[in-house]
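*Asks:* the sequence and its predicted three-dimensional model are supplied below.
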Amino acid sequence: MPELERDANRLTFKLVYYGPAQGGKTTNLMCLHDVADAQMKGELMTLETQHDRTLFFDLLPLGFRAASGLTIRFRLFTVPGQVAHDGTRKAVLSRADGIVFVADSQRPQATNNGESFQNLAENVGRVGLDLERLPLVVQFNKRDLPDILSEDEIRQRYAGAPWPLFFATATAGSGVRETFSALLHGVWQRYAEELDLAGEHGLTEERFVTAAGGLPS
């Protein structure tokens, strides 16, 4: 559940990028940080772990205040992809309000993708979240590399899944903002009514998504 600080009149959403090692989680966050308006973002911080790292930064505030004066903030995190850091994954995942699962499009990485998603499903339950209700977007990254699964193959594999599916080349910025926007749509649908964002705070879904973090459309 998003954190509401009534004294500061601020609402904070925690969004987590999850997936296998070297899949592009870090590159997604670095790209978002690069394109966000300077006055709308905090410093990009890194927590180094052996052979891996966790990144996080704040997107401050949306670039507008709601009619009520409410400020909305997003905190974006990656988790370490290495299996050895599963404890850190669970700690970062705790109290998440939305998730992007970043998969590696390379054909030899299909097993790693599957194992990582299974790990996500297990850890979501371990930290007390409900995968069926949690906003989730799946991104297949590294579309510029050789020997990748085709879009048709990936769509067939995920045909029965309820989550939005995106294709990206994060190193070039392709698909990164589209993935993030889709996550924000899911976040709005999950929490807007419960938090009365449209009524009490006068927000619309379009404004919530397009103005987030000062990201250009």
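*Replies:* Arrived safely, thanks for sending.

*Asks:* is the closest residue to residue 197 other than its chain neighbours in a helix, a strand, or coil?
*Replies:* Computed as C-beta to C-beta, 6 or more residues apart in numbering, the closest residue to residue 197 that is not its neighbour in sequence is residue 203, at 4.6 Å. Just so you know, the C-beta spots here come from the backbone N, C-alpha and C atoms, and that holds for glycine as well. Per DSSP: H, G, I helix; E, B strand; the rest coil, the local secondary structure of residue 203 is coil.

*Asks:* residue 203: neighbour count?
*Replies:* 23 (other C-beta atoms under 10 Å).

*Asks:* and the pLDDT at it?
*Replies:* Turning to residue 203, the model gives it a pLDDT of 89.

*Asks:* how near is it to residue 3?
*Replies:* 17 Å (C-beta to C-beta, to the nearest Å).

*Asks:* so after the helix or strand of the chain with the lowest mean pLDDT, what's the next helix or strand?
*Replies:* Ranking every helix and strand in the chain by mean pLDDT, DSSP states H and E puts strand 52-59 at the bottom, with a mean of 50. Heading C-terminal from strand 52-59, the first helix or strand you meet, by DSSP states H and E, is strand 71-78.

*Asks:* mind listing the strands that next one pairs with, and their directions?
*Replies:* strand 10-18 (parallel), strand 52-59 (antiparallel) (DSSP bridges).

*Asks:* residue boundaries of the helices in this protein?
*Replies:* Here the chain has its helices, by DSSP state H, at 25-35, 86-93, 110-126, 151-157, 176-195, 205-210.

*Asks:* wait, residue 113 touches residue 20, no?
*Replies:* Yes - taking contacts as C-beta atoms under 8 Å, residue 113 lies within contact range of residue 20: 5.9 Å.

*Asks:* the residue sitting nearest the centre point of the chain bridge partners, please.
*Replies:* Central residue of the chain (C-alpha atoms, centre = their mean): residue 100, 3.9 Å from the mean position. The partner list for residue 100 in beta bridges (DSSP bridges) reads residue 17, residue 137.

*Asks:* my guess is it meets residue 183, correct?
*Replies:* Yes - Residue 100 is within contact range of residue 183, at 5.6 Å (criterion: C-beta under 8 Å).

*Asks:* what sits against the nearest residue to residue 117 once chain neighbours are set aside?
*Replies:* Once flanking residues are discounted, residue 117 sits nearest to residue 101: 6.1 Å by C-beta to C-beta, 6+ apart. The contact partners of residue 101, taken as C-beta atoms under 8 Å, 6 or more residues apart in numbering, are 18, 19, 116, 117, 120, 136, 137, 138, 139, 163.

*Asks:* from residue 39, how far out is residue 101?
*Replies:* 30 Å.

*Asks:* one more: residue 199?
*Replies:* Distance from residue 199 to residue 39, by C-beta to C-beta: 29 Å.

*Asks:* go on, residue 24?
*Replies:* 27 Å.

*Asks:* tell me how far residue 139 lies from residue 115.
*Replies:* According to C-beta to C-beta, residue 139 and residue 115 sit 17 Å apart.

*Asks:* which of the two has more neighbours?
*Replies:* Using other C-beta under 10 Å as the criterion, residue 139 and residue 115 rank with residue 139 on top: 28 against 12.

*Asks:* surely the more buried one meets residue 167?
*Replies:* Yes - Residue 139 is within contact range of residue 167, at 7.4 Å (criterion: C-beta under 8 Å).
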